[in-house]
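J.: take this sequence and fold it.
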Amino acid sequence: MQTADIDPKDLTKYKWGFTKKLSEEESFKLDSMRDKVARDTKITNLGPTKPGGVSNRGPLSSLADRDAAAQINYENRIARERAERKRFKIQQKATLDELVPKPDPGSAAARREKRAAKGAYARKSDDVEDFTGGVDAMGGGDDELQRLLAKNQRRTDRRQESRREHADKLLGSMQEKEAAIKNQFVNLLGSQTVDPRTG
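T.: Sure thing, here's the model as predicted:
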């Protein structure tokens, strides 16, 4: 007996609230629809394949059966490939461990090996050879370099000077505003005025 042959109401203790309100005709329509869906989606003879790779499946008559069979074949192929990759990784790791045994993790030897690997990586960038053979690859020589550095320095000095002038201007305007506010407070108190330059 298949689950499609059993009434869904008998499969669980839970009863949907809307089923109490259904008429006999509506209930019959739902049951016939359930039976039709079960009949249309029923896949027969899709057992596992025999060890020789020959399928025990019978003739596939409908498009749905062929699609289901293709899906099962695809999933089986993916599972086989995944298992092969896993086996290969395990074999590769075992081979590497035999050829180059690693020290126990956390041991002094493991720490030294890790430190040496880090140092070798850092030193690798320092060991880059000068492939230009002493000739400036960009053209020109030391004179050209000195000229470019001086030009760059002049540009930097001009920028800093303009920033300084702008900052001085802002500072002066802020000091004038502050003196004006002080004068207002002094006027409120009836005292003498404050010179903006001396405070």
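
J.: quick check: longest helix of the protein.
T.: In the chain, taking DSSP state H as the definition, the longest helix is helix 142-189.

J.: residue 105: what secondary structure?
T.: With DSSP: H, G, I helix; E, B strand; the rest coil as the basis, residue 105 sits in coil.

J.: what about it, how many neighbours?
T.: 8 (other Cβ atoms under 10 Å). All C-beta spots, glycine's among them, are computed from the backbone N, C-alpha and C.

J.: equivalent analysis for residue 99, please.
T.: 7.

J.: now it: how far from residue 93?
T.: As judged by Cβ to Cβ, to the nearest Å, residue 99 and residue 93 stand 11 Å apart.

J.: also residue 64?
T.: Residue 64 is 44 Å from residue 93, by Cβ to Cβ.

J.: tell me which of those two has more neighbours.
T.: Shown here are residue 64 and residue 93; by other Cβ under 10 Å, residue 64 has more neighbours (13 against 10).

J.: show me what the worst-scoring helix or strand of the chain on mean pLDDT is packed against.
T.: Sorting the helices and strands of the chain by mean pLDDT, DSSP states H and E puts helix 108-126 at the bottom, at a mean of 81. For helix 108-126, there is no helix or strand it packs on, judged by 3 or more Cβ pairs under 8 Å, 6 or more residues apart in numbering; DSSP states H and E.

J.: buried set for that helix?
T.: Buried residues in helix 108-126, counted by 16 or more other Cβ atoms under 10 Å: none are found.
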